[in-house]
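S.K.: Sequence first, predicted model second:
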Amino acid sequence: MALTVNTNYGASGTTDHPAGTVSRQVANVNWLTDWGLKSATSSEVVLVNRLSPRDAKNKIRFSVTDVANVYTNSGIQANYQLPSRQGISLLAQATAICDVLDSSDAQFHAQLPLSAHLVLRAPKSGLLTTAQIMGIVQQLFGSLYPTDGTVNTTAGLDNLLNGLINPLQW
């Protein structure tokens, strides 16, 4: 049997449609120079940015866990599920502490926490390629930007952060 996987993402956010492809800046993370190991187990690694201040460490965490039934809460009917239900969950998390300073008051110092994480959950079947999984990641990140010709602005993220969560009403 020869199996083919169709991601069903459509044109939005994929390279299937030239209008859906937009160049966005991605941070250049230099692991060997800028990052050090804080802790590691067989299922989790925490790295610390050597360039961040001691009292405001920037960290990145990767964690992998097994998923007993990847179909749970997927909405996929049992007759469309593969026999193997095993999956994997990958967490990628970045945390930072931002300093707030006052140019007119040298004694003032406050800090703001900031974090972002992405959870990828996929079957262990091996049928999905890294490129197909990257397609949904790109779609997710693309959803933070409006697609009305202003794709290189932060307007979408600004709207979401201000509680305007329906992009159909932006």
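M.R.: Nice, thanks for sending it over.

S.K.: And the longest helix along the chain, what does it pack against?
M.R.: Secondary structure of the chain per DSSP state H: the longest helix is helix 130-142. Helices and strands touching helix 130-142, by 3 or more Cβ pairs under 8 Å, 6 or more residues apart in numbering; DSSP states H and E, are strand 105-123. Bear in mind the C-beta positions are built from the backbone N, C-alpha and C, glycine included.

S.K.: Measure how buried the residue nearest to residue 116 when sequence neighbours are not counted is and give me the count.
M.R.: Sequence neighbours aside, residue 94 is the residue nearest to residue 116 in space, at 5.3 Å (criterion: Cβ to Cβ, 6 or more residues apart in numbering). When neighbours are defined as other Cβ atoms under 10 Å, residue 94 has 17 of them.

S.K.: related to what we said a few turns ago, the longest helix of the chain relative to strand 105-123, how many degrees between them?
M.R.: Taking axes from the mean of the first three to the mean of the last three Cα atoms, to 10 degrees, one finds helix 130-142 and strand 105-123 inclined to each other by 140 degrees.

S.K.: average pLDDT across stretch 69-77?
M.R.: Regarding stretch 69-77, the rounded mean pLDDT is 96.

S.K.: Tell me the buried residues in that stretch?
M.R.: For stretch 69-77, the neighbour count (16 or more other Cβ atoms under 10 Å) marks 70-71 as buried.

S.K.: for this protein, which spans come out with low pLDDT?
M.R.: Applying pLDDT under 70 to the chain picks out residues 1-4, 7-24, 146-153.

S.K.: Tell me where it has helices.
M.R.: With DSSP H applied, the chain shows helices at 31-34, 130-142, 155-161, listed in chain order.

S.K.: which residues are in contact with the shortest one?
M.R.: Read that as helix 31-34. For helix 31-34, contacts defined as Cβ atoms under 8 Å, 6 or more residues apart in numbering pick out 47, 49-51.

S.K.: circling back to that earlier point, just put the helices of the chain in TSV and tack on mean neighbour count and distance to residue 62.
M.R.: As requested, the helices of the chain are exported to TSV (neighbours: other Cβ atoms under 10 Å; distance: least, Cβ to Cβ, whole Å):
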stretch	mean neighbour count	distance to residue 62
helix 31-34	10	11
helix 130-142	14	15
helix 155-161	15	24
